[in-house]
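Chemist: Sequence and predicted structure below; questions after.
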Amino acid sequence: MRNLAIALSVVLSFSGAQAIAAEPKTSDASPKGEISHTLEAEATVTAIDMNTRMVTLKAADGTENTLHVDERARNLGQVKVGDVVKVAYTEALAWKMSKSTKASPTAEVEEAAGRAKPGEKPGAAAARRITVTATIEAIDLDNGTVTLKGPQGNSRTIKARNPANLKKVKVGDLIDITYTEAVALKVEPAAKK
């Protein structure tokens, strides 16, 4: 659960990172890596109809969209024309090929969510982390691919980002793969003139 909190804080603090791809250098010889991608958007509130809960947002390119904000979104009354709505969405994929402590392939899902307290400007965040342990079923050094068998018995062949890492593992080894996605939304007051 702590990692989900970290994922949420990452979404809230990222500022424009578009893609990060790394093969971390550590004393651990196990091949591993990470890829993440964050998209951010913001729009200005141009109209609010509290009776119908319809809010019109204007993007930086001038396009306007009107959307319904349902009752689950608390604190709509705190939003004013001119306020700025900011949204960040992050996806991250991390993997490590090593002798896993698990005896067989597995899959686990963790989810977390939170929203603003009553009386605050609206805001919300949610994250989901899926961790899969898969078995290396085949290695093709000539083509730089590895075939992984998941916990449900499905197999998938993927191209290695660094084919040299395929020489460090063997058929039967387990690989841990973690996919995380998180989204955060917050409303900020209009800039003072």
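Modeler: The structure has been received and is ready for your questions.

Chemist: can you give me the end-to-end distance of stretch 89-108?
Modeler: 22 Å (C-alpha to C-alpha, to the nearest Å).

Chemist: Quick check: buried residues in it?
Modeler: Tyr89, Thr90, Ala92, Leu93, Ala94, Trp95, Lys96, Met97, Ser98, Ser100, Pro105 (16 or more other C-beta atoms under 10 Å). All C-beta atoms are positioned from the backbone trio N, CA, C, and that covers glycine.

Chemist: which secondary element of this protein has the worst mean pLDDT?
Modeler: Lowest on mean pLDDT, DSSP states H and E among the helices and strands of the chain sits strand 20-22, with a mean of 36.

Chemist: from the buried residues of stretch 89-108, which single one is nearest Lys167?
Modeler: The closest of those to Lys167 turns out to be Met97 (C-beta to C-beta; 11.2 Å).

Chemist: what is Thr147 paired to in the beta sheet?
Modeler: Ala138, Thr157 (DSSP bridges).

Chemist: quick one: it and Val85, what's the gap?
Modeler: From Thr147 across to Val85, the span is 44 Å (C-beta to C-beta, to the nearest Å).

Chemist: the more surrounded of the two?
Modeler: With neighbours defined as other C-beta atoms under 10 Å, Thr147 and Val85 compare such that Val85 has more, 19 against 16.

Chemist: What helices and strands are in contact with the host helix or strand of that one?
Modeler: In this structure, Val85 sits in strand 84-98 according to DSSP states H and E. Under the contact definition 3 or more C-beta pairs under 8 Å, 6 or more residues apart in numbering; DSSP states H and E, strand 84-98 sits against helix 2-13, strand 32-49, strand 174-188.
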